[in-house]
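**Student:** Could you look at this predicted model? Sequence included:
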Protein chains: 2
Amino acid sequence: RKAWLSRFNPPQLIALSFALAILVGALLLWMPVTHGLNPDGTRRSVNFLQALFTSTSALCVTGLNVIDPSKDFNRLGQVIIMLLIQLGGLGILTFGTSFALLTRRRVAFSERVRVAQQVSALSAGDVLGLIRNIFLYTFIIEFVGFVLLAFRFVPLEGLGTGLFYALFHSVSGFNNAGFALYSDNLTRFVGDPLVSLVIPALILLGGMGFLVQLNVVAHLINPRRHRLMVHSKLVLTMMTLLFLVGVISYLVFEWNNPKTLEPLGLGTRLLAAIFHSATTRTAGFNTQDYGAMTLPTIFISIILMFIGANPGGTGGGIKTSTFYVMMASAWSMVRGRRDNNLFGRRIDTETTLRAMTVGLLSLVLVNSMFMLLLIFNTDENIKFVQLFFEAVSAFGTVGLSMNATPLLHPDQHIVLILLMYLGRIGPLTFAVAFSRPEGKELVRYPADKDILIG
Amino acid sequence: RKAWLSRFNPPQLIALSFALAILVGALLLWMPVTHGLNPDGTRRSVNFLQALFTSTSALCVTGLNVIDPSKDFNRLGQVIIMLLIQLGGLGILTFGTSFALLTRRRVAFSERVRVAQQVSALSAGDVLGLIRNIFLYTFIIEFVGFVLLAFRFVPLEGLGTGLFYALFHSVSGFNNAGFALYSDNLTRFVGDPLVSLVIPALILLGGMGFLVQLNVVAHLINPRRHRLMVHSKLVLTMMTLLFLVGVISYLVFEWNNPKTLEPLGLGTRLLAAIFHSATTRTAGFNTQDYGAMTLPTIFISIILMFIGANPGGTGGGIKTSTFYVMMASAWSMVRGRRDNNLFGRRIDTETTLRAMTVGLLSLVLVNSMFMLLLIFNTDENIKFVQLFFEAVSAFGTVGLSMNATPLLHPDQHIVLILLMYLGRIGPLTFAVAFSRPEGKELVRYPADKDILIG
Ligand SMILES: [K+]
Ligand SMILES: [K+]
């Protein structure tokens, strides 16, 4: 079995393991024993495509839904969804590293150095130590979230259901999954400071990236020995900036919208804006209806969804660091500067090319799949902007919806399943694929510098 | 005066000269003497913003209109528009080179080498020789187009008007301007093989790029002495491929559309598809209504408009070579190849970075301006997709419209004016800005290779 596994390279193993887990999840969620009951006692039916969609959405921590997980699945089904979320959410680093160990392949050199740095920072001896720390950190944060949320859900839903709801939403929050156990997601909590602040906190901690969290913790414990990496400084800055952009733009463009902020009090408006900003960049919970928002808000949301969270976290999108490196490099070129510097370090050309490539490939992926959504569209009432929103939401594993997903044709659901899967494993796979050994080509052609650009 | 001019660098001079020409054009088109007459003999009124929009659209060879040039301007106004088109269409190379000579600045080294190669290929002694050849070539092609089109327009409109129409549409075609002297653009010629083939031929020759044309001509005259440059091979291949994509996708997605192809005969369908494909990638004439097309056609059109024509021609967009280099580089990275080779030459890293930067900045430009169009929107009937289409059309100096432009708010017209201007001079300016001397920074920071991407 080891020989069979080692025939695959890490990207293939990641792709394969995700596909397998999705399939197992789909089969489980297809079983009637996981389905909810109607008021008359009959079992609700979930077909295989719906189960596959739900399983993909959970494992890729996306949160788009074609059916209503709060009604169409019973407690068992919901536990399976929670487990799929937890499995998917531990994400790229854990998976990539585990598989590298499992197949006794060597972790790529640059990865090894980085991992070693972090592991030593926490005085553990090997990569398994890092993974243990990732698990520990995840469960501690989820436990704290669970306890805090229990204060809301237990009074609301009773002890048993309340505790499960607290756990489910804590796991869904930390893993940026966006699944909720209410038909209207978290809309009823728009004015509730506890839910509207604990969930964004979980989202941000989960989306921050494990290495960054370890680096920050180590730095806080011993600032002299453990400096903040350039990467940490970068993504913390980007998170803050993008968070502010989300809050401010939401307040500006929705302030007078009678379907969203206008009827709310001042404090609730602020809470809604904070929640919106935290959730857009990959989590996908909502306390307001995205089908009712103004087009400027929708367009900014699309951009934030595409950018996504930090690398190495539970979030999706092209990642904040990718976005920064692309933009900063372009700006350096416009300014005629040779180097693109950041916190006293020069950003490597290789890093720049990688960022540009990830951005470009993601754009190609989203647009090709969006094209398929347009081609397979049969309902004339569904708009261009709705399909584009759902496509970016699926790619960025966000899960926000302008309410079109449940109405789409089964062919379009298959496209979204594919997009959620590729949006989750794509950047991951690219990251590994890019670190392949160079120098296979023996012949090197002379450079051509005469191609005109722009 | 020379001293005053030489205080500006070439990009600033290009931007300034375009702005000045637009302003002069706007003032002329504002004068009542250039305006058309109503049936009752009163003069039609054109306000300054409308004149500015028309002047910008003509000089930037875009072809978007807020008013109807066939009715709101008289013959004098139409001649001014034609002259603005001709002035704008000679484009980047002529302008850039002239200004470099005028201010006695040296043409950037790489530019000089390239220009010298081409000039020597035509046995002329200096850069002025190249410019003379550009003018000659332009006027010869426009003259041939004029003669061919006269066979249609003289019988249709009488001798005087017919000859002017033939000249106007030949100039508008070769310069990829998209202005026509009928209220419905060229819709009435959808089944006319003469107009539906001469105009696309003019469009393709104009959009091919002067250096490529010179190279091809020199190669045809003496294949041994003048080889086809890698650049020429690349853009000719791309033109062919993108042309086929346009034709085939149009046939597929419009075949059964009762508002476009469905009522037409087989031959006319093919003509319409050929015309559509040639016009989308920057010319902006139309023989069918873009407001009536299916969403897949609209989306492919948006992508083709964004890609645009070849560099150094009369067309806009990010350019075919930019698009190829971006895509091919990304693909090389995915495949784990060290080099990105093309026709036995390696594409330089510098060229790759420049292409990615032009693509990214163009994307940022289009999306920022689109955001402004959304913010300033007051008409709830105007859709997201319409505004996005008009934005990309303005950026790519295409001029196709989903019929929203005339209905927009004056604030949105100002945004479109800005976008047409920046879409025309942006890539041009970047191209020059990128060739600035390096090495101003004395301190070079150590490289940071630890930033995680994707
Ligand atoms: K999500
Ligand atoms: K045009």
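**Tutor:** Received it, and whenever you're ready, just let me know what you need. Ligands and ions are numbered 1, 2, ... in the order given.

**Student:** the strands in chain A, which residues?
**Tutor:** Taking DSSP state E, the strands of chain A run over residues A:341-342, A:345-347, A:447-448.

**Student:** could these go into a markdown table alongside mean pLDDT and distance to A:Thr260?
**Tutor:** Placement of C-beta: from N, CA and C, glycine included. Converted to a markdown table, the strands of chain A look like this (pLDDT from 0 to 100; distance: least, Cβ to Cβ, whole Å):
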| stretch | mean pLDDT | distance to A:Thr260 |
| --- | --- | --- |
| strand A:341-342 | 70 | 37 |
| strand A:345-347 | 72 | 39 |
| strand A:447-448 | 56 | 54 |
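
**Student:** could the ones you listed go into a markdown table alongside mean neighbour count?
**Tutor:** Formatted as a markdown table, these follow (neighbours: other Cβ atoms under 10 Å in any protein chain shown):
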| stretch | mean neighbour count |
| --- | --- |
| strand A:341-342 | 18 |
| strand A:345-347 | 21 |
| strand A:447-448 | 16 |
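
**Student:** between these, which one is nearest to B:Ala292?
**Tutor:** With distances scored as Cβ to Cβ, the stretch of the strands of chain A nearest to B:Ala292 is strand A:447-448 (43.9 Å).

**Student:** give me the low-pLDDT residue ranges for chain A?
**Tutor:** Under the criterion pLDDT under 70, the flagged ranges of chain A are A:1-11, A:91-93, A:95-128, A:335-340, A:344, A:427-454.

**Student:** Can you tell me which residue is spatially central in it?
**Tutor:** A:Gly315 (2.6 Å; Cα atoms, centre = their mean).

**Student:** Look through the stretch 1-150 of chain A and state the residue closest to ligand 1.
**Tutor:** Closest residue of the stretch 1-150 of chain A to ligand 1, Cβ to the ion: A:Gly63 (4.1 Å).

**Student:** Near ligand 1, which residues of the stretch 151-300 of chain A are found?
**Tutor:** A:176, A:178, A:284 (Cβ under 5 Å from the ion).

**Student:** Tabulate the residues you listed (CSV), appending neighbour count.
**Tutor:** Shown next, in CSV, are these (neighbours: other Cβ under 10 Å):
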residue, neighbour count
A:Asn176, 35
A:Gly178, 31
A:Gly284, 31
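
**Student:** Can you tell me which of those residues is closest to ligand 2?
**Tutor:** Lowest distance from ligand 2 to these (Cβ to the ion) belongs to A:Gly284, with 40.5 Å.

**Student:** Could you check how far the nearest residue in space to A:Asp379 that is not next to it in sequence is from A:Leu419?
**Tutor:** Nearest residue to A:Asp379, sequence neighbours excluded (Cβ to Cβ, 6 or more residues apart in numbering or on different chains): A:Leu407, at 6.2 Å. Per Cβ to Cβ, to the nearest Å, A:Leu407 is found 17 Å from A:Leu419.

**Student:** Same drill for those two, tell me which one is more crowded.
**Tutor:** Taking other Cβ atoms under 10 Å in any protein chain shown, A:Leu407 and A:Leu419 do not tie; A:Leu419 has more neighbours (30 against 12).

**Student:** hang on, the more buried one packs against A:Leu365?
**Tutor:** Yes: the criterion here is Cβ atoms under 8 Å, and A:Leu419 meets it with A:Leu365 at 7.4 Å.

**Student:** who touches both of those two?
**Tutor:** Common neighbours of A:Leu419 and A:Leu365 are listed as A:Phe395 (criterion: Cβ atoms under 8 Å, 6 or more residues apart in numbering or on different chains).

**Student:** Give the full set of residues in contact with the residue lying closest to A:Gly423 once chain neighbours are set aside.
**Tutor:** In this structure, A:Gly423 finds its nearest non-sequential neighbour in A:Phe395, 3.9 Å apart by Cβ to Cβ, 6+ apart. Shown in contact with A:Phe395 (Cβ under 8 Å, 6+ apart): A:305-306, A:316-317, A:362, A:365-366, A:369, A:419-420, A:422-423.

**Student:** And A:Tyr165, by the same measure?
**Tutor:** Counted by Cβ under 8 Å, 6+ apart, A:Tyr165 has contacts A:149, A:153, A:156-157, A:181.
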